[in-house]
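Peer 1: Below: sequence and its predicted model.
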Amino acid sequence: MQDEQIDLAASILRAFISQSGALRAVVLLDRGDEKEPVIVDHTAGGGVEVTEGEQVTEAAIGEPAVLGFDLAPVSRLPALIVDVEAGELAAPLGAVAAMAIAVHNLAELFEASSVATVVFETDDDDVPLVIAARRGEPMLLSLGDEQFPMPDGWP
């Protein structure tokens with residue numbers, strides 16, 4: 001099941017986590033009409049899980065690929081402060097937008113229908129900030145079970 005496209009995606013996710021400090025990065029790879037989509041899921045400090053159809057495998061990859069550009073132009077930030085009941089998120093000025101731009105840039109590396117989803121730490125382990133992006137579509141932010149569709153063109 002493993003192929004060069006999957007290996008590259010796994011390496012890109014590892015580089016993204018390393019640069020951004022994200023807890024987890026996942027890409028649903030659209031591989032065209034002739035192949036099923038593949039989910040490549042990388043957790044910080046953990047392995048890479050590859051799901052294709054009903055088959056789930058652990059991918060063994062080495063160091064992150066040298067990509068020749070800054071994949072995630074967001075530095076590691078302290079955990080964001082969340083209050084889900086109040087619908088509030090406290091972060092350094094511009095931090096969430098920078099994270100969203102980084103996830104958008106990640107999504108741009110893959111085929112148009114692929115989806116990149118990244119999980120960032122908050123002060124509540126049960127309520128991480130999740131940012132999802134697909135090329136040409138508005139982004140989606142989530143805190144716990146609450147989803148926040150962003151306007152087209154944000155950030």
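Peer 2: Cool, the structure landed. Since we're looking at a predicted model, the values are computed, not measured.

Peer 1: pretty sure residue 117 belongs to a helix, no?
Peer 2: No - the secondary structure assignment for residue 117 gives strand rather than a helix, going by DSSP: H, G, I helix; E, B strand; the rest coil.

Peer 1: Who is it paired with across the strands?
Peer 2: When assigned by DSSP bridges, residue 117 has beta-bridge partners residue 26, residue 132.

Peer 1: so residue 14 makes contact with residue 48?
Peer 2: Yes - counting by Cβ atoms under 8 Å, residue 14 does reach residue 48; the two are 7.3 Å apart. Any C-beta I mention is one placed from the backbone N, CA and C, and that applies to glycine too.

Peer 1: With adjacent residues omitted, what lies nearest to residue 25?
Peer 2: Nearest non-adjacent residue to residue 25, counting by Cβ to Cβ, 6 or more residues apart in numbering: residue 13, 4.3 Å away.

Peer 1: same deal with residue 77?
Peer 2: Beyond its immediate neighbours in the sequence, the residue positioned closest to residue 77 (Cβ to Cβ, 6+ apart) is residue 95, lying 5.4 Å away.

Peer 1: and stretch 76-87, what's its mean pLDDT?
Peer 2: Averaging pLDDT along stretch 76-87 gives 82.

Peer 1: Ends of it, what's the gap?
Peer 2: 24 Å (Cα to Cα, to the nearest Å).

Peer 1: Any chance you could list what contacts that stretch?
Peer 2: Defining contact as Cβ atoms under 8 Å, 6 or more residues apart in numbering, one finds that stretch 76-87 is touched by 20-21, 88-92, 95-96, 99, 120-124, 127, 129, 143-144, 146.

Peer 1: Now do the longest helix seen in the chain: which elements does it pack against?
Peer 2: In the chain, ranked by residue count with DSSP state H as the criterion, the top helix is helix 4-20. Based on contacts counted as 3 or more Cβ pairs under 8 Å, 6 or more residues apart in numbering; DSSP states H and E, the elements that helix 4-20 packs against are strand 24-29, strand 38-43, strand 48-52, strand 55-59, helix 95-108, strand 115-120.

Peer 1: can you tell which of those is closest to residue 134?
Peer 2: For these, distance to residue 134 was read as Cβ to Cβ. The smallest value, 4.8 Å, belongs to strand 115-120.
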